[in-house]
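Colleague: Mind looking at a prediction? Sequence and model below.
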Amino acid sequence: MSQNAQGAKHKFNFIDVIIILAVIAVAAAVVFIFGANQLFGDSQTVGVEYVLEFRQVREEFLGNFETGVEVVDASKKYRLGEVTAVNSTATIFTGTNLIDGTLYYSEYPERFDVTLTVSAQAKVDSDGMYILDEGYRMSVGTTVYVRTPNFTGTAYCTQIKKTEA
């Protein structure tokens, strides 16, 4: 048997330093990639209120939007909150007169832009994004595939603000 196998002490050498530095580098990379808030659970839960806008909804579907219903992401089934307000306005077309370059506006017949105000609980991640239902990242400009009990469609988040939790 060799001397090491009989219980001789291991001496600290250059290879040990390299291994320790590699372990520290991997741990630092994991914290950097995933963020300290996600790894250690430091993110706080806050109340948020955001506005989803549907464009050019046909008039016959206006009655399908209601307050008090749950909003769900249609593709991954995240729970996105509860509708607290519904508003609709006529869809406006903006055109240009090619002869003199002036703009003109007209309403689309039987088409409406619908906004839903939604309240939810969210966590704030290290990038300042709001995370709904433990995974759905919401910010202004996000395309949201919405499902409610009486309507399914594509909307855009146009406003978001923090409220009292």
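Modeller: Thanks, I have it. Numbering: from 1, shown residues only.
Colleague: longest strand anywhere in this structure?
Modeller: strand 103-124 (DSSP state E).
Colleague: in its sheet, what does that strand sit against?
Modeller: Looking at strand 103-124 with DSSP bridges, its partner strands are strand 45-58 (antiparallel), strand 79-96 (antiparallel), strand 130-132 (antiparallel).
Colleague: How many neighbouring residues does residue 52 have?
Modeller: 24 (other C-beta atoms under 10 Å). Backbone N, C-alpha and C define where each C-beta goes, glycine included.
Colleague: I misspoke; the intended subject was residue 107.
Modeller: 12.
Colleague: Show me where the protein dips below the pLDDT cut-off.
Modeller: 1-8, 35-43, 165 (pLDDT under 70).
Colleague: ok, longest helix in it?
Modeller: helix 14-34 (DSSP state H).
Colleague: Show me what counts as buried in stretch 115-123.
Modeller: Buried residues in stretch 115-123, defined by neighbour count with 16 or more other C-beta atoms under 10 Å: 115-118, 120, 122-123.
Colleague: most packed of the strands paired with strand 103-124?
Modeller: Neighbour counts (mean count of other C-beta atoms under 10 Å) averaged over each of those peak at strand 130-132, with a mean of 21.
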